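Enquirer: Return a 3D structure for these sequence lines:
(chains A and B)
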Protein chains: 2
Amino acid sequence: MTRTVLESQTKAVTIGFDEPFCVIGERINPTGRKKLAAELEAGDFSTVERDAVAQVAAGATVLDVNAGVVFNTNPDPNETEPPLMRRMIELVQGLVDVPLCIDSSVPGALEAGLAAANGRPLVNSVTGEEERLERVLPLVKKYNVPVVAISNDDTGISEDPDVRFAVARKIVERAADFGIPAHDIVVDPLVMPIGAMATAGLQVFTLVRRLREELGVNTTCGASNISFGLPNRHGINNAFLPMAYASGMTSAIMNPLALPVNQTKIAEKKAEVLAKGVILPGDMDDETFVQLFGMGSTKYRPGKEMEAIRAANLLLNNDPHGSDWIAFNTASATGAEAASGRGRRGGRRRRG
Amino acid sequence: MTRTVLESQTKAVTIGFDEPFCVIGERINPTGRKKLAAELEAGDFSTVERDAVAQVAAGATVLDVNAGVVFNTNPDPNETEPPLMRRMIELVQGLVDVPLCIDSSVPGALEAGLAAANGRPLVNSVTGEEERLERVLPLVKKYNVPVVAISNDDTGISEDPDVRFAVARKIVERAADFGIPAHDIVVDPLVMPIGAMATAGLQVFTLVRRLREELGVNTTCGASNISFGLPNRHGINNAFLPMAYASGMTSAIMNPLALPVNQTKIAEKKAEVLAKGVILPGDMDDETFVQLFGMGSTKYRPGKEMEAIRAANLLLNNDPHGSDWIAFNTASATGAEAASGRGRRGGRRRRG
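Expert: Purely as a prediction, here's the structure:
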């Protein structure tokens, strides 16, 4: 049975076919987060700290750390990214005791991260590109760590799943040449947006099964890509994750958090409420308002995807005695409702 | 490719591996619904009418009709159920133009339903029990209709999935002896509550795949059984359905509706609202109140399971161009939010 073991200073997390789904929190990543990028360049790590704690509280068991900021003062990431990666890793592992996933396309940043990280982090990533294979695999071997293998190569990302499978096989074989075992390769079969490619979901489900059955490797993906550009992305992600998991996927790099309700939405709702003739007490704070009107919370909390994954853990017999499911739902609002007997009846037993 | 064709007066619904998931609405069933049972005995069909229309509006493409009332005035269902079944079927198909699923353990009621139903209804059900096989299969042949085959037999429901598979195979073989083709058998592999059997989910996923690959049959199940006795049943059902579908399940007998918010909940919420010092206008109607406070609706509307199934249709490439997903989410509240650009961001593209 394929087991990929990650470690923090004191904890081990195993990615495997008979393990709970491994949720790798994706939030500590300035790519596409301009505000965070600016903060990091200015030496402000408050968002990193908050995201580290919040993601672990929401159920992430591994945290991805990406330091990919292009500094305004120095545009060469080979110079700026390694020290920033080291700093971020030291900071994160000082706050939370979970294994890290060192995420960079800059080999120097990967090495800086590997030197700084406690335990046995996951390297993110190698691809089938020759230069990447030659740069990253020696590092993976040197530090004896597992690595995410993304199934594109020098020809780019193929739309043909057979080609992506062949690239994954090539990476596993090349890793073996370096003495890296298949159980330390976590293949990302690449998730395309289903809005752009109608077969994107089917491709992932089929590839994951083949990767598991034919190569015996664990798998991961950037899960939210699947819903890019479509309405109600959470609705798509919430179905995609259990389906991928049922097909054999063993981890995902994803956002475990629901976005807190922001001031704009609060202001819009207050206007709607007032227009209906409702009078609010002057001293009502935002969190009370937001909860009272069923809007969620102004605080970070687990996203709906975490509920889907916990349910899937239960359904695949990776939640012994349902204890995680019951604890999760007793703690959350939905669960409190169910526990108090006021929960909506979920359906009837069909027979008997 | 296995295709099970059901028909109403003017519409055909195909259950198949490359078809949208077939949602068979389960609500028109007095089993465990005492109020409905009493209404039916009294000749009041208003709930049946409402459930027929609401389920189709929510996305059910087939409606199960069960007339299993034990009358207080006559405890013999062999006498009372056939005329009630006939009456209910005539009523339902006068209201909605979808194929029906004639659901009874009383052979006389199945025959009455078959005589009354337009088109090509689904018979629910035959089992591997000798007496059922001998009573039901001739009816199925006579009317040239498809049938749900439940994988239990005279020894009961086995906890061993291999035994349940063998029972399904036996039914398919016996049906063949009657001249009924495998594509007209829709096997229910039996869904056990996961709270009672930790492997219940895995069993279904494995069985569905085997039934599809080895027997070439379509499958269905009483989906909500899986979550019986556990908190947040919808959370479990919402993951189970896409996982079963990804494993090859092609239909389910399920509740497509969310329960309307009832007067008790409205009263509780009003008390909570008043305790927070909020003043409501005296003339606010219940539906406005419920919507304003994010409680859902006092009306029937699609349950979360329907969102999960529509997302799964999209992900398995059974929703060409995503048109059903987009229409569903543009019509619903979530979709309106997304369409107006105010939707919560579902995640970032990981790369590129």
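
Enquirer: Which strands and helices lie in contact with the longest helix belonging to chain A?
Expert: Assignment by DSSP state H gives helix A:77-95 as the longest helix of chain A. Taking 3 or more Cβ pairs under 8 Å, 6 or more residues apart in numbering or on different chains; DSSP states H and E as contact, the helices and strands that helix A:77-95 lies on are helix A:46-58, strand A:62-66, strand A:100-103, helix A:107-116. For glycine as for every other residue, the C-beta is placed from the backbone atoms N, C-alpha and C.

Enquirer: I'd like to know which of those is closest to B:Ser125.
Expert: helix A:46-58 (42.7 Å; Cβ to Cβ).

Enquirer: Which residue ranges of chain A form helices?
Expert: Using DSSP H, helices in chain A cover A:34-41, A:46-58, A:77-95, A:107-116, A:130-143, A:161-177, A:200-210, A:233-246, A:263-275, A:286-292, A:304-315, A:323-331, A:333-339.

Enquirer: Ok, which of those comes nearest B:Asn124?
Expert: When the helices of chain A are compared by Cβ to Cβ, helix A:304-315 sits nearest B:Asn124, at 24.7 Å.

Enquirer: Okay, buried residues for that closest one please.
Expert: By 16 or more other Cβ atoms under 10 Å in any protein chain shown, the buried positions in helix A:304-315 come out as A:305-315.

Enquirer: next one: stretch A:128-136
Expert: Buried, per 16+ other Cβ under 10 Å, within stretch A:128-136: A:128-129, A:132-133, A:135-136.

Enquirer: Same question for stretch A:44-52.
Expert: Buried residues in stretch A:44-52, defined by neighbour count with 16+ other Cβ under 10 Å: A:45, A:47-49, A:51-52.

Enquirer: Can you name the residues that contact the residue located most distally from the centre of chain A?
Expert: Distance from the centre of chain A peaks at A:Gly277, with 43.0 Å (Cα atoms, centre = their mean). By Cβ atoms under 8 Å, 6 or more residues apart in numbering or on different chains, the contact set of A:Gly277 is B:280-281, B:284.

Enquirer: and if you look at A:Ile102?
Expert: A:65, A:85, A:89, A:109-110, A:113-114, A:117, A:121-124.

Enquirer: Now for A:Gln203: which residues touch it?
Expert: Counting by Cβ under 8 Å, 6+ apart, the residues that A:Gln203 touches are A:161, A:164, A:189, A:192, A:197.

Enquirer: Give me the neighbour count for the nearest residue to A:Leu122 once chain neighbours are set aside.
Expert: With Cβ to Cβ, 6 or more residues apart in numbering or on different chains as the criterion, A:Leu122 has its nearest non-adjacent residue at 4.3 Å, and that residue is A:Cys101. The number of residues packed near A:Cys101 is 29, by other Cβ atoms under 10 Å in any protein chain shown.

Enquirer: repeat for A:Ala115
Expert: When counting by other Cβ under 10 Å, one arrives at 12 neighbours for A:Ala115.

Enquirer: sorry, back to before: so in terms of bridging, what pairs with the residue nearest to A:Leu122?
Expert: For A:Cys101, the beta-bridge partners are A:Asp64, A:Leu122 (DSSP bridges).

Enquirer: my guess is it meets A:Val148, correct?
Expert: Yes - between A:Cys101 and A:Val148 there is a contact under Cβ atoms under 8 Å: 7.5 Å.

Enquirer: Sweet, I'm off.
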